[in-house]
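**Q** Next comes the sequence, and after it the predicted model I'd like to discuss.
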Amino acid sequence: MRAALALLLLLALPVPARDAASSIDACVRDGWHTRDILRDEERPAARARLAALAATAPADAEEAIDRALLLHRLSGLLESYDTLDRARTTLDAWIPPVEEFQAALAAARDDLAAADAFLARLETSTAAARTALDSPALRREDARAALALLTSRLQLLEDRWRLDRPESRPPLPASYALQRFLQERRRGAPARTAEERRARTWAEFVHRYRWNVGVDLDPRAILDLGRQRFAETERALEEIARRIDPSKTWLEISEELKEDHPSAEGLLDVCREEMERAMAFVEEKGFVSVPAWAKNVTAEWGNPKSGTPYGYYDAIDEGDPELRGRYVVTPVTRLEGAAREEVLRGNNRAWIRVVSLHEAIPGHHLQFAVAARRTRAARLGHYNPSYVEGWGLYCEELMHRHGYYDDRTRLSQLRMRLWRCARIVIDVGCQFGGMSRDDAVRLLHERVGIERTSAGMEVARYLNQPGYYSGYIVGLSRIEALRDRIESAHGPRFDERAFHDRLLQLGPLPFRVIEEAMTPR
């Protein structure tokens, strides 16, 4: 009796928290910080890791950020598996990742036993996938995607196997049976109805923002945000137009600005000049640190067939010791006559001035260069596109705060922000609101002043990546709200440079983690 009572008292005592560092290291060692999809066999391990990590007590603030990020990622992987029904709609939930295929094939010459063990595992997983996918949840679209994935893996396996073991062919009856099953379902399974497509896209949209971006916003809330910012930006445009010329609308002034554009041959030179001009201004004002190693960015011609009518940033390779980045400018050489002139008008000097700072410094190049210097392994496996694009858009406004623009350039910068607001209306509207492609092109052309050719190219990009282009304004709004909160808390002690440096040092983490790391306690 006494022994039992002593045991009860012992169990009632508080249990010392486990060491957070060892749990974090274990998660990183096993690759949980870079996992994009949870396979069926990994669910128990993911739940165990989540529970173990939740029971730890971080030793310091940096460890607390790593822990919060890993808890966020593991929770997202588990929710994705459950709510998006990965097990019955996605082959990736069952078969080994492509890296394991490549490793097994590379080892086939020297380690036949390991290669055979991989094939046996593949047979087991594809047999299980055959059972799981044989469900009413699988639709024609799912079967088509799964078949393409499986066929590419099997073809890779067969081609390499013939080179390494020409005397034999891997016996894979379960894998080929799954391939035949998917071929039949690709033709015979019912396609998703319009309502099913909408529900699926809605769930994926919500999941993307909750776990990749780190905000709990559904498409309806995101659309409301876009409309609100659109109206605010239109009012700001009307105000600055009155200051420039009260007799003209902002669209009329914007059309006049388009006449001041470089030639097709001189476009790159102007982009390079504006990039360097912005860099010098940032260094002079000092509102964010620009280390010498973060300045290695060049402006270069891109592919004439690019679907981007203006330009973009080609991110650095984090393994490159020189951290070289490229501000890529789309040539207009493939266009002729009126179409060429139209795109050049879009690439006018005021527009280029803003795009150049967005893509290079203080925008994306500085952002990626600083992120490449991160050393904490747990933070290397997450990419938040809304943070990335939000920072570029935030920099456009930041340069205005510090006096970089004249009124006409400010008008162009506001028109660019209106363009990003319109992206939300198009992105969500085309997916859920009954907006057609023609409606979207008209919105960009008539309300934002984007040339019709460029507007068509833009809308095509939005429709190919649901959710991505809404992230510009979502990211901008989160960064601005975080800054306002910290500035309010610190009052006159607020250090703008320190705020920006810390935000960049954290890198593209989910906003939920960033906000917790940076908010004063």
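**A** Cool, the structure landed. Numbering: from 1, shown residues only.

**Q** if I pick Ala64, what's in contact with it?
**A** 20, 58, 517 (Cβ atoms under 8 Å, 6 or more residues apart in numbering). Using the backbone N, CA and C atoms, a C-beta is placed for each residue, glycine as well.

**Q** now the closest residue to the last one other than its chain neighbours: how far from Glu318?
**A** This means Ala517. Nearest residue to Ala517 in three dimensions, chain neighbours excluded: Ile65, at 4.8 Å (Cβ to Cβ, 6 or more residues apart in numbering). Ile65 is 19 Å from Glu318, where distance means Cβ to Cβ, to the nearest Å.

**Q** Compare those two (neighbour count), which wins?
**A** Ile65 (21 against 13; other Cβ atoms under 10 Å).

**Q** ok, that one - contacts?
**A** Ile65 neighbours (Cβ under 8 Å, 6+ apart): 376, 379, 506, 509, 513, 516-517.

**Q** and which of those is nearest to Asp218?
**A** Distance ranking of the contacts of Ile65 against Asp218, using Cβ to Cβ, places Val513 first at 20.4 Å.

**Q** residues touching that closest one, list them.
**A** 65, 68-69, 72, 214, 506.

**Q** Only C-alpha atoms, please: export the helix or strand it falls within in CSV.
**A** Using DSSP states H and E, Val513 falls within helix 511-518. Provided in CSV are the C-alpha atoms of helix 511-518 (Å, rounded to 0.1, in the frame of the first residue of the first chain):
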residue,chain,number,x,y,z
PHE,A,511,4.5,34.6,-40.2
ARG,A,512,3.2,33.0,-37.1
VAL,A,513,6.8,32.0,-36.1
ILE,A,514,8.3,35.4,-37.2
GLU,A,515,5.7,37.4,-35.3
GLU,A,516,6.3,35.3,-32.1
ALA,A,517,10.0,35.7,-32.5
MET,A,518,9.9,39.5,-32.9
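
**Q** Quick check: mean pLDDT of that helix?
**A** The average pLDDT within helix 511-518 is 97.

**Q** now stretch 458-469
**A** 90.

**Q** what does it contact?
**A** Outside stretch 458-469, the residues touching it (Cβ under 8 Å, 6+ apart) are 201, 204-205, 208-209, 307-309, 385, 420, 423-424, 426-427, 430-431, 437, 440-441, 444, 450.

**Q** can you pull the buried residues of that stretch?
**A** 458-459, 462, 466-469 (16 or more other Cβ atoms under 10 Å).

**Q** Does anything pack onto the stretch of helix or strand Gln431 belongs to? Which helices or strands?
**A** Using DSSP H and E, the element containing Gln431 is helix 407-432. Applying 3 or more Cβ pairs under 8 Å, 6 or more residues apart in numbering; DSSP states H and E, we find helix 407-432 packed against helix 194-207, helix 219-244, helix 250-257, helix 349-359, helix 385-401, helix 437-442, helix 452-464, helix 471-490.

**Q** Make a markdown table out of those and add distance to Trp293.
**A** Putting the helices and strands packed on helix 407-432 into a markdown table (distance: least, Cβ to Cβ, whole Å) gives the following:
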| stretch | distance to Trp293 |
| --- | --- |
| helix 194-207 | 37 |
| helix 219-244 | 35 |
| helix 250-257 | 36 |
| helix 349-359 | 19 |
| helix 385-401 | 19 |
| helix 437-442 | 41 |
| helix 452-464 | 32 |
| helix 471-490 | 24 |
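
**Q** Out of the ones you listed, which gets nearest to Ser135?
**A** It is, among those and with distance given as Cβ to Cβ, helix 194-207, at 14.4 Å.

**Q** got a list of what Arg349 touches?
**A** 257, 260-262, 270, 274.

**Q** hmm, I was thinking of Thr453
**A** Thr453 sits in contact with 309, 335, 339, 342-343, where contact means Cβ under 8 Å, 6+ apart.

**Q** before we move on, what about Arg272?
**A** If you count contacts by Cβ under 8 Å, 6+ apart, then Arg272 has 298-299 around it.
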